[in-house]
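compute the structure for the input listed below.
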Amino acid sequence: MVLIERPPCAAQVVFEGEIRPLMQSEGLSEAAIKAFQQNYEALVRGDDGMIAERAITPAADLPSLADIAQTKIPEDKVRARPRRARLPERAAQPAMA
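This next block holds a predicted model:
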């Protein structure tokens with residue numbers, strides 16, 4: 001596989017030259033910086049974060065609720081619900097004068 005080096009776009013130049021050093025000087029983690037960079041570059045590209053209606057297709061093979069409701073789950077597959085921890089009763093607070 002041959003990787004082709006692309007010249008950096010203006011957003012990358014601004015990010016690497018100005019934004020990254022500022023974020024590093026503020027002590028942000030590399031993960032936070034990369035997440036911000038990804039969102040910053042998407043914004044500069046004009047992405048609006050929305051999924052286009054034409055890109056959505058309906059799920060084809062989902063069972064109906066009626067089919068699921070009548071399905072018997074084997075006992076060895078059923079997990080018991082975890083019990084909630086009981087908190088101790090709070091002592092009555094003295095009234096403030």
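
spit out the contact partners of V13.
Not one residue lies near V13 by Cβ atoms under 8 Å, 6 or more residues apart in numbering. All C-beta spots, glycine's among them, are computed from the backbone N, C-alpha and C.

what secondary structure does it sit in?
Using DSSP: H, G, I helix; E, B strand; the rest coil as the criterion, the local structure at V13 reads helix.

and if you look at R83?
Per three-state DSSP, the secondary structure class of R83 is coil.

what of N39?
Per three-state DSSP, the secondary structure class of N39 is helix.

now it: how far from G17?
For N39, the distance to G17 equals 18 Å [Cβ to Cβ, to the nearest Å].

next one: A59
Remark: distance between A59 and G17 (Cβ to Cβ) = 45 Å.

so between the two, which is more surrounded?
Taking neighbours as other Cβ atoms under 10 Å, A59 and G17 compare with G17 leading, 10 against 5.

tell me where this protein has helices.
10-14, 20-25, 30-45, 65-69 (DSSP state H).

and of the ones you listed, who's closest to E75?
Evaluated with Cβ to Cβ, the helices of the chain place helix 65-69 nearest to E75, the distance being 17.8 Å.

that closest one: how far from the chain's middle?
With Cα atoms, centre = their mean, to the nearest Å as the basis, the distance from the averaged C-alpha position of helix 65-69 to the chain average is 30 Å.

sweet, I'm off.
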